[in-house]
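Chemist: Here is the input, now give the coordinates:
(chains A, B and C)
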Amino acid sequence: MTDAPAAAAPAAAEDEDPAAPASDPPREELLAQLLDALGDGLVEHHLAHGRDLWIRVDRDRWQDAGRTLRDLGYTYFGFLSAIDWMVAPEGRYEDTEFEDEPVVTDIGGDDDAGDGYAADGEPTDEDATDPDAAEPDAAVPDAGDEEATADEDGTASAMASQRLAGGKTRFQVLARVQKPGTDMGVTLKVDLPDGEARIDTWTALYRGANWHEREAWEMFGIDFAGHPGLRHIYLPSEFEGHPLRKDYPLLARVVKPWPGVVDIEDIPPHLESQLEAEVMAAFEATQAAASSEPSAAGEEPSAGGEGS
Amino acid sequence: MTFALAYWQETAVKLAVILAVVPTASLVLVYLFLFKWVSFMQSRLGPMEAGPHGSLQLIAEAVKFLQKEDLMPGRADRHVFAAAPVVVLMSTFLLFVVIPAGPDLVVESLPTGIFYALAVSSLSTLGVLMAGWASANKYALLGGLRAAGQLIAYELPLVLAVVGVVVQAETLDIQGIVAAQADGAIFGWGGIGLPYVLTQFLGLLIFMVAAQAELTQAPFDMPIAESEIVGGFQVEYSGFRYLLFFMAEFGTAFAFSALGAVLFLGGWWFPGFDTDANALNVIGPAIMLGKVLILSFVIFWVRFTYPRLREDQLQQFAWKLLIPVALLNITVTGILKVAF
Amino acid sequence: MTAVEQRRRQAYVDAQASEARVTIELQTGDMTLNIGPQHPATHGTLRIAARLDGEQVVACEPIMGYMHRGYEKLAEVRTYPQVTTLINRIDWLGSFANEVPFILAAERLMEVEAPPRAQWIRTILFELSRIANISLFLGDMGVQVGALTPVFYAFRDRERVLNQIEAVTGGRFHPNFDRIGGLKDDLPKGWIDETRAVMATMRRFCDEMEELLMGSEIFEARCRGIGVIPAEVALSYGLSGANLRGSGIDWDLRRDANPGLAWDQIDWKVWTHPDGDSFARYWVRLQETREATYMVEKLCDGLPGGPIMAKVPRIIKVPAGESYVSTENPLGEMGYYVISQGDLGPFRVKIRTPSFNNISVVPWVMRGVYVPDVITILGSLYFILGDIDR
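Modeler: The predicted structure is shown next:
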């Protein structure tokens, strides 16, 4: 089985070539069985040949989908989580442009603090945005296509729209089950209607779902109907809010836009020339002793002279 | 060497001897086995800084313990908490009263020496229970209760193992047992006497196992169980009080090894000497020390090698294995004693 | 009633009342014991709230989150190369293995294939991480059951493996060596010969553990039959790695779902054990460590030449898409579900860690066991806090 490496390497490369497998009989058969069992419940699917199968099911057929898969031999519980497709209102990268204030979503209702939550800790309507906020497009450079979706009161929210197996809602539940002994697995997605983040529990089908659903509730605020005890798993029990939601601010980003920004003071003028001389001397010393590869990582000797 | 001392002077000397010997004994054992031997087994060096090759480490540790703050949990039962280590240490001191180091070198030569020794050694159970209860700590409570069950369960094999020796020596007096081994003969050849390890090998085995359990050393260290209940009944003790427990543990290890040496290995007697030769008063301690170190070596060797038995496995081992075997030993000894 | 009768009646009632008080006081209810968060046996800050009836556990619940660092939220504001610095620290004992699934997922989205030499070296480092991680477990299981000495041998011998990892990557515990498209650097000169010698040492260590710990009757008495997890329950909870193979399920992601590394280029064996108890899990991990040493030697033998980095742009922008890659990490199945929107950094990363699922079985398996067995079972499930809490 140990081929000569040169001969083996192209074979391995071929497997990874995305264009190579044109068909995938096991997964196609699985897809046919699922379509058979779920019918309309299977809203959309995406089959990446040789890789994976994504299916998006209807929320009402969630437990049916789980049961079908389990009966088909997919008894191994991978994970269950959620995706928040909203684009985060605060910036993410070094060249994000900011307003003076961080972008806050004004939800209305009794949301006095303006952080997306009403005074009693209940999330207010998630999709309203502050009409005075900056254009979401400017917040994320070179983002993928974003759709502005309009909901009933006419305000817009930016949501990422490049999704496998479609879907248009803000929250999606994501789960994966696998067949032990093989590389076959199914990734399931479910759209949760906006304003109604609730779905049936999988605890009776896969016991491991218990803790994963607790985490999804804690991080996203998704209610799992029928779960034996939805309570905090990572965070203290008095914690308010759902951290992995995109409108839950990452405080580090709000306080300081980019951690790499260094607070630089101007060098006092009487020290400037002295420092410049020292730096140039050190630079010349390294140049003299330098090997073939200049190893200095980014420390430019002329920085001392500028003092910006 | 006979000079008359008044009773109170004699008692004072004896007290001084015990107070000096017990910590010294602990010190020797701790340094040799806890610091150096276990380090060698675990492929490391052990303490090397305090004194040459770390020989003064225990002095340094004793000083460290002495200068620590005297902590007591808020809800602890103050007097019981303070008394518990003293009770345990007291039983160690009392044990050393009957251990001989030579024909005349014994604090008190009681006619029922070995009986007294076994009785007094079980006092430590009380101290452990006191510590476990008075600490107001669930881990300590678990440890104390485990200790109660274990120490009581292993008293029996200890005693039964000794009974075989007593039957063979026909006396309870410890000096008498040593003399019986010295004067004994193996099929008529009196060259090395008759150390009872030859006839009572089963007894020695049971005695060592039971001693390991009485000392709560692995594989019988459930009451302490470092990785589960974090020190068990000792968990709330620190500073000087912990030093008392520590000294008691190693002092008792020395004492049990000494008992094993006199019961099974011939004590302070060495072939070639008369049993009441004065020379033995001089080299007797050295011979005793040698034999004690052999037995302690085995105790600590086993301690650092084996995992620990679970509480119910431990009890099964005592009641279902050790005690029947010890009873068998006594029966066979008795039969052979009467027959020959 | 006369006064005398009244007094008598009162005395009778008082006596009954005091006896009732004593009876109620003597009735011991269940005791709640907190094992952790500071405890030598919980491998970190895990708290197990156990309700005990004497020494038996009636119910038990793990409480975690003492080390929750919010990696999934942090990954959303990092660029792809920066995410590797975070995920290094999830399973900090088998460190290189954490980076691999994420990098592979990103490579899949970019449709970039690392050159063969890089894939082989990745596999070698992956197996070295496995050896470093599991050899600690082999010694540490001894500490859980009370044998204090084997863990010293484990630390001593795995230092040599960590030295090898450090020689290549520069870091013993947090290498941060994997890059999208390949690796940061090539192997240093003489590394392969040294690694062969180290593998011989590790095999001697495995033999020593087999004799010293697994051969001890007391260890067997403490581990056999303790914490039996049947296969269906294990699958339903999502247990992975040696926990699954110790229950008899023949599934190894390296063999069955190879995401592109070099495991299919060499001969090796998957070890399973049918019992499903703590001893089985220990046994499987021991065999896997020994197997890993053979694998590293075979990989070193067949290592191809060539570049170690594919052509990728300097600023990496991963095209939009979603992909999930999981690998057979030392602790189990670790996977990253990466959602990209064509940015410098991921849109969402779902980190599927093995220990989270492995610990979820604890309330089920701990019913009715003794306190010492709690420690044994926890030890045999083998988790790392960073892996549970992320």
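Chemist: for the residue of the stretch 101-250 of chain A found nearest chain B, what are its contacts?
Modeler: Nearest to chain B in the stretch 101-250 of chain A, going by CB to the nearest CB, is A:Ser237, at a distance of 22.8 Å. The C-beta positions use only the backbone N, C-alpha and C, and glycine is treated the same way. By CB atoms under 8 Å, 6 or more residues apart in numbering or on different chains, the residues touching A:Ser237 are A:Arg231.
Chemist: where do the strands sit along the stretch 1-150 of chain C?
Modeler: C:31-35, C:47-53, C:56-63 (DSSP state E, counting those that start in this stretch).
Chemist: Can you convert the ones you listed into JSON lines and add a column each for mean neighbour count, mean pLDDT and distance to chain A?
Modeler: As requested, the strands of the stretch 1-150 of chain C are exported to JSON lines (neighbours: other CB atoms under 10 Å in any protein chain shown; pLDDT from 0 to 100; distance: least, CB to the nearest CB, whole Å):
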{"stretch": "strand C:31-35", "mean neighbour count": "17", "mean pLDDT": "78", "distance to chain A": "16"}
{"stretch": "strand C:47-53", "mean neighbour count": "18", "mean pLDDT": "85", "distance to chain A": "12"}
{"stretch": "strand C:56-63", "mean neighbour count": "17", "mean pLDDT": "86", "distance to chain A": "9"}
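Chemist: For chain B, which of those is the nearest?
Modeler: Once these are compared by CB to the nearest CB, strand C:31-35 is nearest, at 5.3 Å.
Chemist: Pairing partners for the closest one, with directions?
Modeler: Using DSSP bridges, the strands paired with strand C:31-35 are strand C:47-53 (antiparallel).
Chemist: Shouldn't the residue of the stretch 101-250 of chain A closest to chain B be within a strand?
Modeler: No: read with DSSP: H, G, I helix; E, B strand; the rest coil, A:Ser237 is coil and lies in no strand.
Chemist: Residue ranges in the stretch 201-308 of chain A under the pLDDT threshold?
Modeler: A:254-266, A:291-308 (pLDDT under 70).
Chemist: all strands of it, in order?
Modeler: A:223-225.
Chemist: Now do the same for the nearest residue to C:Gly276 once chain neighbours are set aside: its pLDDT.
Modeler: Of all residues beyond its chain neighbours, the one nearest C:Gly276 is C:Ser247 (3.9 Å), with distances taken as CB to CB, 6 or more residues apart in numbering or on different chains. In this model, C:Ser247 is scored at 92, pLDDT.
Chemist: Check A:Gly114 too.
Modeler: 40.
Chemist: where does the stretch 151-300 of chain B have low pLDDT?
Modeler: Using pLDDT under 70, the flagged stretches of the stretch 151-300 of chain B are B:225-230, B:275-276.
Chemist: C:Glu333 belongs to a helix?
Modeler: No: if the criterion is three-state DSSP, then C:Glu333 is strand and not within a helix.
Chemist: tell me the contacts of it?
Modeler: Contacts of C:Glu333 by CB under 8 Å, 6+ apart are A:78, C:240-241, C:253, C:326-327, C:352, C:354.
Chemist: ok, now with 6 Å
Modeler: Listed by CB atoms under 6 Å, 6 or more residues apart in numbering or on different chains, the contact set of C:Glu333 reads C:240, C:326, C:354.
Chemist: what about the first one, how many neighbours?
Modeler: Applying other CB atoms under 10 Å in any protein chain shown, we find 32 residues neighbouring C:Ser240.
Chemist: so who does it touch?
Modeler: Applying CB under 6 Å, 6+ apart, the residues contacting C:Ser240 are C:332-333, C:354.
Chemist: Could you dump the residues you listed into CSV with distance to B:Phe250 and pLDDT added?
Modeler: Listed next are the contacts of C:Ser240 as CSV, based on distance: CB to CB, whole Å; pLDDT from 0 to 100:
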residue, distance to B:Phe250, pLDDT
C:Gly332, 44, 92
C:Glu333, 49, 93
C:Pro354, 44, 94
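Chemist: quick check: domain ranges of chain A?
Modeler: A:20-252, A:269-306 (automatic domain parsing).
Chemist: which residue sits closest to B:Ala318, ignoring its sequence neighbours?
Modeler: B:Ala153 (4.3 Å).
Chemist: quick one: secondary structure of the one you found?
Modeler: helix.
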